[in-house]
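A.B. asks: here you go, sequence then predicted model.
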Amino acid sequence: MRSSTKKFDDAERLSPMIRDEIILKAAIQFDPEWDYDFRRGTLGPTLYVHADCKEKAQLIRKTIPGDFEGYPVIVTYITNDLFSDP
């Protein structure tokens with residue numbers, strides 16, 4: 001069974017232009033207001049989408065697939081509640 005994600009070695013070959021193109025495609029297809037970033041993660045080259053709160057992150061996760069253009073997608077958000085109960 002072959003994975004739909006790109007090989008880890010592709011991170012070395014991604015030019016800034018290709019990264020910008022992937023971010024642009026995601027913004028056009030999903031929402032241009034979201035904060036996108038493309039960088040090397042633990043899964044290799046990864047598209048990150050940053051949300052400003054947990055609720056928005058949940059909405060983004062329901063909207064965007066876990067894999068976009070063959071690259072993994074990670075949705076993150078920042079919280080100030082470091083010591084609160086889950």
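C.D. replies: Ah, there it is. Small disclaimer: the values here were computed from a predicted structure and weren't measured.
A.B. asks: neighbours of the closest residue to E69 other than its chain neighbours, how many?
C.D. replies: The spatially closest residue to E69, leaving aside those adjacent along the chain, is I22, at 5.3 Å (C-beta to C-beta, 6 or more residues apart in numbering). Heads up, the C-betas are built off the backbone N, CA and C, glycines and all. When neighbours are counted by other C-beta atoms under 10 Å, I22 registers 18.
A.B. asks: what of T79?
C.D. replies: 10.
A.B. asks: by contact count, what packs against the helix or strand of the chain with the lowest mean pLDDT?
C.D. replies: Within the chain, no helix or strand scores below strand 35-41, which has a mean of 90 by mean pLDDT, DSSP states H and E. On a contact count with 3 or more C-beta pairs under 8 Å, 6 or more residues apart in numbering; DSSP states H and E, strand 35-41 meets helix 16-29, strand 44-51, strand 71-77.
A.B. asks: how about low-confidence regions in the chain?
C.D. replies: 1-13, 81-86 (pLDDT under 70).
A.B. asks: run the last query once more with 80
C.D. replies: 1-14, 79-86 (pLDDT under 80).
A.B. asks: okay, G66 and L47: tell me how far apart.
C.D. replies: 10 Å (C-beta to C-beta, to the nearest Å).
A.B. asks: between those two, what contacts are shared?
C.D. replies: Residues touching both G66 and L47 (C-beta atoms under 8 Å, 6 or more residues apart in numbering): 72-73.
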